[in-house]
Each structure stands twice: as structure tokens, then as C-alpha cells.
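**Q** Coordinates for the following, if possible.
(one chain, ligands or ions: 2)
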Amino acid sequence: MNALAATNRNFRLASRLLGLDSKLEKSLLIPFREIKVECTIPKDDGTLATYVGFRVQHDNARGPMKGGIRYHPEVEPDEVNALAQLMTWKTAVANIPYGGAKGGIGCDPAELSVSELERLTRVFTQKIHDLIGVQTDVPAPDMGTGPQTMAWILDEYSKFHGHSPAVVTGKPIDLGGSLGRDAATGRGVLFATEALLKEHGKSVSGQRFVIQGFGNVGSWAAQLISEKGGIVVAVSDITGAIKNGNGLDIPSLLKHSREHRGVKGFHGGDPIDPKSILVEDCDVLVPAALGGVINRENANEIKAKFIVEAANHPTDPEADEILKKRGVVILPDIFANSGGVTVSYFEWVQNIQGFMWDEEKVNNELRTYMTKGFKDVKDMCKTHNCDLRMGAFTLAVNRVARATILRGWEA
Ligand SMILES: NC(=O)C1=CN([C@@H]2O[C@H](COP(=O)(O)OP(=O)(O)OC[C@H]3O[C@@H](n4cnc5c(N)ncnc54)[C@H](O)[C@@H]3O)[C@@H](O)[C@H]2O)C=CC1
Ligand SMILES: O=C(O)CCC(=O)C(=O)O
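**A** Ligands and ions are numbered 1, 2, ... in the order given. Coordinates of the predicted model:
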């Protein structure tokens, strides 16, 4: 099942649990706007290269649409649609005043030079600048993009609209970025994991973790989990996978990964087949890379008792069913990785206020939001007698449906 079919399915299940009217269901499902643009740039060698860029704006009932921009070879319309829809539900679970959007360019950023990436980002921004904005749609980083990408978007957008720091979040601090945003998704994953384990009478300390993906989200999650006494026994990224049953030394692995652009070749553990990372023995599995990686091919082999979805839609519905029957508890993406967009919201608020918070305030507020989010999800699980994914979906869909009804449909 592709990402969009899977996301639509989860939405429909939640909608049925809530007893939503079928016409309202249809209006919530269809995206507000889908944008597809051609982006042609001169490469460094003078030849031309054309890429396709997307921005899907899913829903704005609760506020400006919000979501990351992904640079990856597998970016395609259905996945961007699914990710945009997931952002609508994620911002609603977090209870921040946003809707949902997502964008991306089908490209391999590792094969582009910095100046080619800058040209591509600027051309993409030129094509969409009229459709994004501080009160309409606010992009942020996702896979393959980061603070520098946001700086280029900010600069290009500002040429058309005047200096507008709040048009993107996840910016460099020097351009109005928020302290704590870089670590926020990983820190949110830690807070979410702590809440989940506490519910089961456990703590992060002493639990064995496996993490797929060692980019922004995976590396921060690994660092913060290990600082809390969690034992990270295996990690993988695009370059390879590494295992140490006694626990990887995460600060050394971070240094190695920065110097060698990946975890491959790290001497503090044994190399393993990256394909086996998800079925390695552990207590908590943290997928923090691509979508759809947990599926019917591997769901029966997963050893973890808990899965914390740091990536977006890492688990497809068939795997969900298999894992549920096996008693594996899954903390869903739309809650587990909501720390990033929550601190993006704090960044936007700071930009609008023209006032910078210190990092302690950012992290304390993030903990408050994640703790409340977990409680709200659990309350919906009780009300609807459902698992955590449906708890999160019913919470979100109910909030968006209420906002939609209140706004009305008069032309
Ligand atoms: N950056 C953010 O604030 C947020 C990101 N996410 C999600 O978290 C996930 C990771 O995003 P980022 O860390 O930002 O991206 P990133 O680009 O910083 O890192 C991606 C990581 O995944 C690895 N990877 C790529 N393909 C892989 C493969 N086939 N097998 C194993 N590893 C692979 C890369 O080597 C890299 O370590 C994505 O699903 C993203 O949508 C979710 C919420 C917020
Ligand atoms: O920080 C944001 O606005 C969105 C991050 C994102 O794309 C996500 O949560 O998947």
C-alpha cells in the first residue's frame, strides 16, 4: 500500500470512529491545493538540469499550513500528498494553530554541489513564492534539507515580499532561527519515549534502542537517549549499519559520522547488513529515515516491544495489524515526531513577536506540549477503545473537523 493509500486509510478509520459525516470526510481528505513546478538550473559544468518540485497544501482550517521540504530522489506526488495530510493531523495532535503542508524536489542532494543546491532552491522559491507566506504556508526542513536551505528560501522570498523571517522555520539562528529547533524533533522523540515507557512502568535508562537513520532526527534522538542512560545498540544510515551489544559510544559515532559523512567504518562496533537493522534485538526500535520501511516483509521478525516512529509513516497498515496482534506497542509518527513542528511554531511566534527565547524556555515548553499531547492521545484511546495510532488520528481529525464546521461553508 503506498503512503497516500495508507494515510487515507488511517484517516477514514478515525473518521468512522468519530462518526463524521461523509461529505465532511471528503472535504477533509482532498488537499486544499497541489502545486507542481518545473525547476531548471544550470549545473556547474554549464549543462542544464531539470527537476520537478512539489508543494501540497492539505488543510488550513486551524491556521497557516505548515510542513517541511524534502530533497530526495524518491519524492513523488502521492508521497508528498500523504506527508502533507500527516502534517495536518500532526499540528492538530500537538494543538498548535496550524494546518498541514509538505513539499519536495525529486533530486539527490548528495550529487549536487552547494551552488547547484542554492540555485535549485532559489528557482523552486521563485515558482512558489506567491503561494507561501507567514500567514498562509510556512516551510521548514525535512530529509535532505536543513537551515541553509531555509536561509536561501528566506532570502529569495524576501526579494519579492520584503524581509520575512517568519516565512520559514528551522532557519540558522543568525537569521532568526530558534534555539533548540535543530535538536527539537529528536528531543521530542525522547520526551515521547519517556511518556510511553513511564506508562509501562519503565524508563529510558537501561532500555536497548535500535535507530534507523542518523541524520538530524536520528542523531539527536541517539544523543539525547544515550544521555538519559538508554543503550543504543545499533544504528544505520544510507552508508551502512553498525552494532555494539554493549552500547555504541554516541559522541564518538557523531564525530565519525560528521568526518566521514556517515556511520560506515566506525570502529566502535561491528558492521552489519543495513537491511537487518529493523529486526535487530532491542527493546525500542526508532525508525528515523524513510517511510514504509516496516511492512509485511519484516513485521513478524521485529524483536522490539516498542516502536517509536521518528520518521513519517515508517509503518504500513499491514505491518500495523501484524504488530498489534503480536503485542508490539507503536507510538505513531503524528505524535512521536511532533517536537520538530512544535519548536517550529515557537520559532514563528518568536519571529512575529520580535523576541528571542532562551533554549531552556524552548525545551521546557516542548516538554509541556509533548506531555500534554501524550495525555490527549491516551484519553482518545480510552474513549474509542483503540490503539495509539487511532488515538492520535481521532484526536487530530476531531480537532480539524470542529474547526472546519465552525468556519462554515458560506461563499
Ligand atoms: N527534520 C525534522 O525536523 C523532521 C523530520 N521528520 C522525519 O524524520 C525522518 C528523517 O528526517 P531527517 O533526519 O530530517 O533527515 P536527514 O536528511 O537529516 O537524515 C536522513 C537520514 O536517513 C538516512 N537514510 C536515508 N536513506 C536511508 C536508507 N535507505 N536506509 C537507512 N538510512 C537511510 C540518511 O543517511 C540520514 O542519516 C524523515 O522521515 C522525516 O520526514 C519528522 C519530523 C520532523
Ligand atoms: O517544522 C516543521 O514545520 C515541519 C517539520 C516536518 O516536516 C515534519 O514534522 O514532518
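**Q** ok, the nearest residue in space to Ala310 that is not next to it in sequence to Gly265 distance?
**A** Among residues not flanking Ala310 along the chain, Ala288 sits closest, at 3.9 Å (C-beta to C-beta, 6 or more residues apart in numbering). Backbone N, C-alpha and C define where each C-beta goes, glycine included. Between Ala288 and Gly265 the distance is 20 Å, computed by C-beta to C-beta, to the nearest Å.
**Q** ok, the two, which is more surrounded?
**A** Legend: neighbour count by other C-beta atoms under 10 Å for Ala288 and Gly265, higher for Ala288 (29 against 13).
**Q** Can you verify my assumption that the more buried one contacts Gly215?
**A** Yes - Ala288 lies in contact with Gly215 (C-beta atoms under 8 Å); the separation is 7.4 Å.
**Q** Just want the residue of the stretch 1-150 of the chain that's nearest ligand 1.
**A** As assessed by C-beta to the nearest ligand atom, ligand 1 sits closest to Met143 within the stretch 1-150 of the chain, at 3.8 Å.
**Q** Could you confirm that residue falls within a strand?
**A** No - using DSSP: H, G, I helix; E, B strand; the rest coil, the assignment for Met143 is coil, not a strand.
**Q** ok, whatever residue of the stretch 1-150 of the chain ends up closest to ligand 2 - how many residues close by?
**A** Closest residue of the stretch 1-150 of the chain to ligand 2, C-beta to the nearest ligand atom: Gly68 (2.5 Å). By the criterion of other C-beta under 10 Å, Gly68 has 27 neighbours.
**Q** just checking, it is part of a strand?
**A** Yes - Gly68 forms part of a strand when assessed by three-state DSSP.
**Q** Now do the contacts for the residue nearest to Ala310.
**A** The contact partners of Ala288, by C-beta atoms under 8 Å, 6 or more residues apart in numbering, come to 189, 211-215, 217-218, 221, 310-311.
**Q** Kindly indicate which of those residues lies nearest Ile35.
**A** Closest approach between these and Ile35, by C-beta to C-beta: Ala311, at 24.0 Å.
**Q** so what's that closest one closest to, chain neighbours aside?
**A** Among residues not flanking Ala311 along the chain, Pro287 sits closest, at 4.7 Å (C-beta to C-beta, 6+ apart).
**Q** Contact partners for the one you found?
**A** 212-213, 278, 293-294, 307, 309-311, 314-315.
**Q** what are the bridge partners for it, then?
**A** Beta bridges link Pro287 to Gln212 when assigned by DSSP bridges.
**Q** what's around the closest residue to the residue of the stretch 1-150 of the chain closest to ligand 1 other than its chain neighbours, how many residues?
**A** With sequence-adjacent residues excluded and distances taken as C-beta to C-beta, 6+ apart, Met143 is closest to Arg70, at 4.7 Å. Residues contacting Arg70 under the criterion other C-beta under 10 Å number 24.
**Q** Arg70 is in contact with Gly144, isn't it?
**A** Yes - at 5.9 Å, Arg70 counts as touching Gly144 under the criterion of C-beta under 8 Å.
**Q** which of the residues in the lengthiest helix in the chain are buried?
**A** Among the segments of the chain that qualify as a helix by DSSP state H, the longest is helix 359-384. Of the residues in helix 359-384, 362-363, 365-367, 369-370, 373-374, 376-378, 380-381, 384 count as buried by neighbour count, 16 or more other C-beta atoms under 10 Å.
**Q** Test my guess that Ile330 contacts Arg389.
**A** Yes - between Ile330 and Arg389 there is a contact under C-beta under 8 Å: 6.3 Å.
**Q** Can you report phi and psi for His72?
**A** Backbone dihedrals for His72, given as degrees, to the nearest 10, come out at phi -160, psi 150.
**Q** no, scratch that, I was asking about Thr47
**A** Thr47 adopts backbone torsions of phi -80, psi 160, taken as degrees, to the nearest 10.
**Q** Burial check on it, number of neighbours?
**A** Neighbours of Thr47 under the rule other C-beta under 10 Å: 7.
**Q** and it, what is it in contact with?
**A** Counted by C-beta under 8 Å, 6+ apart, Thr47 has zero contacts.
**Q** What sits closest to the residue of the stretch 1-150 of the chain closest to ligand 2 if chain neighbours are left out?
**A** Gly68 sits nearest to Asp142 (C-beta to C-beta, 6+ apart), 2.9 Å away.
**Q** So for the one you found, what's the pLDDT?
**A** On the pLDDT scale, Asp142 is placed at 97.
**Q** where's the residue nearest to Ala311 relative to ligand 2, distance?
**A** Pro287 sits 13 Å away from ligand 2, going by C-beta to the nearest ligand atom, to the nearest Å.
**Q** Contact residues of the chain facing ligand 2?
**A** 66-68, 90, 140, 142, 169-170, 312, 337, 340-341, 344 (C-beta under 6 Å from any ligand atom).
**Q** Need the max-distance pair from the residues you listed.
**A** Thr169 and Asn312 (16.9 Å).
**Q** Name the residues contacting each of Ile330 and Arg389.
**A** Common neighbours of Ile330 and Arg389 (criterion: C-beta under 8 Å, 6+ apart): Asp320.
**Q** In this structure Leu366 contacts Val343, no?
**A** Yes - counting by C-beta under 8 Å, Val343 is a contact partner of Leu366 at 5.8 Å.
**Q** any residues in contact with both of those two?
**A** Residues touching both Leu366 and Val343 by C-beta under 8 Å, 6+ apart: 180, 184, 188.
**Q** Out of those, flag the one nearest to Leu18.
**A** Nearest to Leu18 among the shared contacts of Leu366 and Val343, with distances taken as C-beta to C-beta, is Gly188, at 25.7 Å.
**Q** what helix or strand does that closest one sit in?
**A** Element membership of Gly188, judged by DSSP states H and E, is helix 181-199.
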